[in-house]
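S.K.: my questions concern the predicted model and sequence given below.
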Amino acid sequence: MKRRHKKHSPMNRSQMMQSVHSEDTKPELQVRRELFRAGFRYRLHRRDLPGSPDIFLLKYGVVIFINGCFWHQHGCKFTSRPKSNTDFWNNKFDNNVVRDIKTNWELSLQGFRVATVWECSIKSDFERTMERLKAFIASDEESIEI
């Protein structure tokens, strides 16, 4: 079944876009609560690290990004591209993807292990996502996408 998108006025759309935050999102808060409950201690949004990771676990040398599928173009069912102003959006999304790759590479060069947790995995099976994330933290794997 094809989803129908509701048309919004420019003013309404602008207000919706302004309400989107990059920090302390619902998926990020869920992951943070569960990590804390499991005994992991972390720092948030380290501005001195490439990409300002959402979560930084110094003891394990792990940085965690909790990515929205739409903004980081994951390719799942939550990923789409707006049909208006396509040049702007295509450029923005393409730059986001390139920046993510570059950030992960820079962090790896600095000796950090990188975990990317996608919004869709949190929504579809939170318990399994957290099991995989906790196993990654305890392992010696260099990177993971969940």
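M.R.: All right, it came through fine.

S.K.: which residues touch the residue most central in space within the chain?
M.R.: The chain has N67 as the residue nearest its centroid, 1.2 Å off, counting by CA atoms, centre = their mean. N67 is in contact with 74, 100, 116-119, counting by CB atoms under 8 Å, 6 or more residues apart in numbering. (C-beta placed from N, C-alpha, C; glycine too.)

S.K.: any idea how far it lies from L35?
M.R.: N67 is 16 Å from L35, where distance means CB to CB, to the nearest Å.

S.K.: can you dump the C-alpha atoms of the helix ranked longest in the chain in PDB for me?
M.R.: In the chain, with assignment by DSSP state H, the single longest helix is helix 86-109. Only the C-alpha atoms of helix 86-109 are listed here, as PDB (Å, rounded to 0.1, in the frame of the first residue of the first chain):
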ATOM      1  CA  THR A  86      15.000  18.300  -4.900                       C
ATOM      2  CA  ASP A  87      18.400  19.800  -5.700                       C
ATOM      3  CA  PHE A  88      18.600  21.200  -2.200                       C
ATOM      4  CA  TRP A  89      17.500  18.000  -0.500                       C
ATOM      5  CA  ASN A  90      19.600  15.700  -2.700                       C
ATOM      6  CA  ASN A  91      22.700  17.800  -2.000                       C
ATOM      7  CA  LYS A  92      22.000  17.900   1.700                       C
ATOM      8  CA  PHE A  93      21.400  14.200   2.100                       C
ATOM      9  CA  ASP A  94      24.400  13.300  -0.100                       C
ATOM     10  CA  ASN A  95      26.600  15.600   2.000                       C
ATOM     11  CA  ASN A  96      25.300  14.000   5.200                       C
ATOM     12  CA  VAL A  97      26.200  10.500   3.900                       C
ATOM     13  CA  VAL A  98      29.700  11.600   2.900                       C
ATOM     14  CA  ARG A  99      30.200  13.400   6.200                       C
ATOM     15  CA  ASP A 100      29.200  10.300   8.100                       C
ATOM     16  CA  ILE A 101      31.700   8.100   6.200                       C
ATOM     17  CA  LYS A 102      34.500  10.700   6.800                       C
ATOM     18  CA  THR A 103      33.600  11.000  10.500                       C
ATOM     19  CA  ASN A 104      33.700   7.300  11.100                       C
ATOM     20  CA  TRP A 105      37.100   7.000   9.200                       C
ATOM     21  CA  GLU A 106      38.600   9.900  11.300                       C
ATOM     22  CA  LEU A 107      37.400   8.300  14.600                       C
ATOM     23  CA  SER A 108      38.800   4.900  13.600                       C
ATOM     24  CA  LEU A 109      42.200   6.600  12.800                       C
END
